[in-house]
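[1] attaching a predicted model along with its sequence, questions to come.
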Amino acid sequence: MNVKRFTAKTAREALALVREALGDDAVVLSTKPSGDGVEVLALAPEGMARIQQAAAQAPVQRAAPPVVVPAPPTLTRPATLAERIAARGERFDARVEPRLEPTLGDSAPSRFDPSRSAAMPEPGFDQSVARDVETLGMSTLTFQDYVRERMLKRRQAELAQQAPSLPAALAARATAPQAATAAPATAQPLRVVASEGRRADAAPPERHAALRERINAKAASTAPRREPPVLRDEIRLAGPGQHDVLGDSTSLRERGEAMGELRGELRSVRALIDERFGMLAFMERLQRDPRQAGLSQKLFDAGLSPALVRKLVQSLPDAQQAPDELAWAAGVLERNLHTDEHELPLEDHDGVLALIGPTGVGKTTSTAKLAAAFATKHGAANLGLITLDAYRVAAHEQLRTYGRILGVPVHTAHDRASLEDLLELLSAKKLVLIDTAGMAQRDARTKELLDMLQHRSIKKLLVINAAAQGETVEDVMVAYGVPQCHGVIVSKLDEAVKLGPALDALIRHRARVVGVANGQRVPEDWHRLSAQSLVQRALRGGGSAS
């Protein structure tokens, strides 16, 4: 068994040399810096196996009947390294199960600190280590004893750290062998001490078990209690109204609202990213296909939104199936624009119709046109007029003027109760028209108006301005709830430069157009236009009356 020295610039290179020379199971004894870099002392795995085998056989050899030889009072030479190693090994074997005196009880006040006793060096320890290092290169057997001594001391320190606190008698017995090592002795008396320790270890195990239980119980009672960690969400508020933050309904509701807003923002960001990347891909496709580029340019000029234009262009067939791409796009728009051209006209309907919409879209004028058209066909006696526009000064005077011309009285409702009374009063009429107050789509009173019209017999007609921007029309349809409306009236076609934005919103919301108004004349400027007429008018880009 030989210890080999490896020197390299770095520890990694030195370990690589060890692995190459001794294999992956080599035992590294020490690593220290040197003048050339790092020096590593390593041992082959077979050498460590021999050491362990010798350590296992050493107590068996000492188990022979000892021969007691009285030690002289004073020795003229120090104990050899082998004798000191054997003595410490025997003391370690004797202290694995410490012998306890029958008189030992819980009343012993003193305790010893294992960490202090493990860290306390023995007398003459530094000098013995120096002599051991000097003899390291002389004999393989000497190095084997040295390694065994180090292993025993390490095991002793681990056991001392794991043990709780023992009584003072145990401390005295644990430190007594260390004091005995300070006096030089021969190998023969040391074997006698080991034999006596082994005979003492044969004491009844019940006594040891009972003492261990008392020691463990004492240590458990004196050990500080550990409180479980308090999480940040579990912190409780102090005061008389103490409550859990996590369990507070207000806090949960606020968290839910915050999470909802965060989800909405994330969806908006995702939609924006999808739109941007989709537009980039769409523009790249337009550069490769001139037919798609030309069609998209015409649709953009008509005022259609980029989303609708992209869907149309992406669905454009080849030139053989659609030689005229604009005509093909017009046909697709006509099929997706819903009108009542195949149903009864609005003036031939029965029931209660309420015209709603923002300020200035032409609700009162459209009500007058519809009333005149109905009175012309069915007579003024079958018509009832109600106005809810009581907020503005003289707001209902315009409708009263039209009523006097038609010979129909106009009733005013200030709240829901009066509206229901008027509806009961006019229940015999064939058609009842309700003119509402104009409110901006973002006005808080708009919801109150819609709640006021929540009656089972009222059908709502949304009036939109064809001359408004596409974003404005979209906002109006969302605020007034176009899916809950009976239909849509498109007003001010004569003022619209581009009809495309209004038609785009109607197609995307799948709203049904029940009438159009293109002027101030009553009732001449009230029309029913087909989907084809509206699409052709939008693609021409003209807003003049036809």
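    Nice, I can see it.

[2] have a look at this structure and report its longest helix.
    Longest helix of the chain, by residue count under DSSP state H: helix 249-288.

[3] quick check: mean pLDDT across that helix?
    The average of the pLDDT scores along helix 249-288 is 80.

[4] mind listing what's buried along the next helix or strand after it?
    Once helix 249-288 ends, the next helix or strand along the chain (criterion: DSSP states H and E) is helix 290-302. By neighbour count with 16 or more other Cβ atoms under 10 Å, helix 290-302 contains the buried residues Q292, L295, S296, L299, A302. In short, each C-beta sits where N, CA and C put it, glycine included.

[5] low-confidence ranges, this structure, go.
    1, 58-144, 162-212, 215-216, 218-249, 279, 282-283, 285-287, 390-396, 541-546 (pLDDT under 70).

[6] walk me through the domains of it.
    What automatic domain parsing lists as the domains of the chain is 44-70+77-219, 258-336, 338-540.

[7] from the buried residues of helix 290-302, which is closest to E275?
    Checking the buried residues of helix 290-302 against E275 with Cβ to Cβ, the nearest one is S296 at 15.7 Å.

[8] not counting sequence-adjacent ones, nearest residue to that closest one?
    Of all residues not flanking S296 in the chain, V313 sits nearest, at 5.0 Å (Cβ to Cβ, 6 or more residues apart in numbering).

[9] got the buried residues for the strand or helix carrying the one you found?
    Remark: V313 resides in helix 306-314, with elements defined by DSSP H and E. Neighbour counts over helix 306-314 (16+ other Cβ under 10 Å) mark L308, V309, R310, L312, V313 as buried.

[10] also stretch 412-428?
    Within stretch 412-428, the residues that count as buried by 16+ other Cβ under 10 Å are T412, A413, L419, L422, L423, L426.

[11] surely R404 is within a helix?
    Yes - using DSSP: H, G, I helix; E, B strand; the rest coil, the assignment for R404 is a helix.

[12] ok, now which ones touch it?
    Listed by Cβ atoms under 8 Å, 6 or more residues apart in numbering, the contact set of R404 is empty.

[13] so how far is A42 from it?
    According to Cβ to Cβ, to the nearest Å, R404 stands 117 Å off from A42.

[14] distance between the ends of stretch 355-367?
    The straight-line separation of the ends of stretch 355-367 (Cα to Cα, to the nearest Å) is 7 Å.

[15] likewise for stretch 309-322?
    With Cα to Cα as the measure, the first residue of stretch 309-322 is 17 Å from its last.

[16] for the helix or strand where R19 lies, C-alpha coordinates in PDB please.
    In the assignment (DSSP H and E), R19 maps to helix 11-22. The C-alpha coordinates for helix 11-22 follow below in PDB (Å, rounded to 0.1, in the frame of the first residue of the first chain):
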ATOM      1  CA  ALA A  11      -7.300  21.000  -8.500                       C
ATOM      2  CA  ARG A  12      -9.300  19.800 -11.500                       C
ATOM      3  CA  GLU A  13      -6.100  18.700 -13.400                       C
ATOM      4  CA  ALA A  14      -4.700  17.000 -10.200                       C
ATOM      5  CA  LEU A  15      -8.000  15.000  -9.700                       C
ATOM      6  CA  ALA A  16      -7.900  14.000 -13.300                       C
ATOM      7  CA  LEU A  17      -4.400  12.700 -12.800                       C
ATOM      8  CA  VAL A  18      -5.600  10.800  -9.700                       C
ATOM      9  CA  ARG A  19      -8.500   9.300 -11.700                       C
ATOM     10  CA  GLU A  20      -6.200   8.300 -14.500                       C
ATOM     11  CA  ALA A  21      -3.700   6.600 -12.300                       C
ATOM     12  CA  LEU A  22      -5.800   5.100  -9.500                       C
END
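
[17] what strands line up against the helix or strand that that helix is followed by, and which way round?
    Downstream of helix 11-22, the next assigned helix or strand under DSSP H and E is strand 27-34. Strands adjacent to strand 27-34 in the sheet, as given by DSSP bridges, are strand 37-43 (antiparallel).

[18] give me the contacts around the strand it pairs with.
    Here strand 37-43 makes contact (Cβ under 8 Å, 6+ apart) with 1, 3-11, 13-15, 17-18, 21-22, 26-33.

[19] re earlier: the helix holding R19 vs strand 27-34, what angle?
    Taking axes from the mean of the first three to the mean of the last three Cα atoms, to 10 degrees, helix 11-22 and strand 27-34 form an angle of 140 degrees between their directions.

[20] what helices or strands is helix 11-22 leaning on?
    Applying 3 or more Cβ pairs under 8 Å, 6 or more residues apart in numbering; DSSP states H and E, we find helix 11-22 packed against strand 3-8, strand 27-34, strand 37-43.

[21] burial of the residue nearest to D36 when sequence neighbours are not counted, as a residue count?
    Nearest non-adjacent residue to D36, counting by Cβ to Cβ, 6+ apart: T7, 5.0 Å away. The tally of other residues near T7 (other Cβ atoms under 10 Å) stands at 14.

[22] I'd like the distance between T7 and W526.
    Separation of T7 from W526 (Cβ to Cβ): 106 Å.
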